[in-house]
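1. From the sequence below, what's the structure:
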Amino acid sequence: GKFYCIDSVCYHAGGPLTLGDIEDVDGQACVRCPWHNYIVTIKTGEKLYQSLDKREDGKMVPGAWKSVGVRQRMHEVFERDGKVFVTLASQGDIESDRYATNAVCGARIHSGGLGSLRNARAPRFQPGRRFADNSMVGGDGRMP
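-> The predicted structure follows:
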């Protein structure tokens, strides 16, 4: 098989892609962000969406899958002597970069969860204010 490496924090709002489902979308392996259902290819980092087509009777029906371009940073993966290695990519600006070094997102990924439901109604993030469990707060300081 082939290995791919993608930033673990979603470009859109800092969601934990590590908890997302891997799905086949129009013949491409993709991860679905568990927060907002954004679909990202694991081969290229492109965000995909399904267009809508208008039939003659005016009804809107699902159309083709399309890309809005690369949104998630990809990293080089190679295998040597039965071991897998990753070379981190850093060239260019990719949307997921804004969350890649965010402490709140990192803590959430490190803890391995989405957080508890008791924080679902927590107030919006304010600089200097700490929550007992930041795992439901995105890198942008908002709840999903």
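
2. so the closest residue to residue 40 other than its chain neighbours, which of the three states?
-> Counting by CB to CB, 6 or more residues apart in numbering, the nearest residue to residue 40 once its immediate chain neighbours are dropped is residue 72, at 4.8 Å. Any C-beta I mention is one placed from the backbone N, CA and C, and that applies to glycine too. Recorded secondary structure, residue 72: coil (DSSP: H, G, I helix; E, B strand; the rest coil).

3. so who does residue 72 touch?
-> Neighbouring residues of residue 72 by CB atoms under 8 Å, 6 or more residues apart in numbering: 6, 7, 10, 11, 17, 40, 45, 46, 47, 94, 95, 96.

4. Let me know how buried the first one is, in neighbour terms.
-> Applying the criterion other CB atoms under 10 Å, we find 21 residues in the vicinity of residue 6.

5. Test my guess that residue 70 contacts residue 94.
-> Yes. Contact criterion CB atoms under 8 Å: residue 70 and residue 94 qualify, at 6.3 Å.

6. Please identify every residue contacting each of these two.
-> residue 45.

7. Flag the shaky bits of this structure, pLDDT-wise.
-> Regions of the chain meeting the criterion pLDDT under 70 cover residues 112-144.

8. now the helices for it?
-> Taking DSSP state H as the test, the helices found in the chain are 97-100, 103-111.

9. So residue 29 sits against residue 40, correct?
-> No. Counting by CB under 8 Å, residue 29 sits too far from residue 40 to count as a contact (10.2 Å).

10. which of these two has more neighbours?
-> Between residue 29 and residue 40, counted using other CB under 10 Å, residue 40 has the larger neighbour count: 27 against 13.

11. Looks like the more buried one contacts residue 30 (just checking).
-> Yes. When contacts are counted by CB under 8 Å, residue 40 is listed as touching residue 30 (6.1 Å).

12. who touches both of these two?
-> In contact with both residue 40 and residue 30: residue 48, using CB under 8 Å, 6+ apart.

13. Many thanks, I have nothing further to ask.
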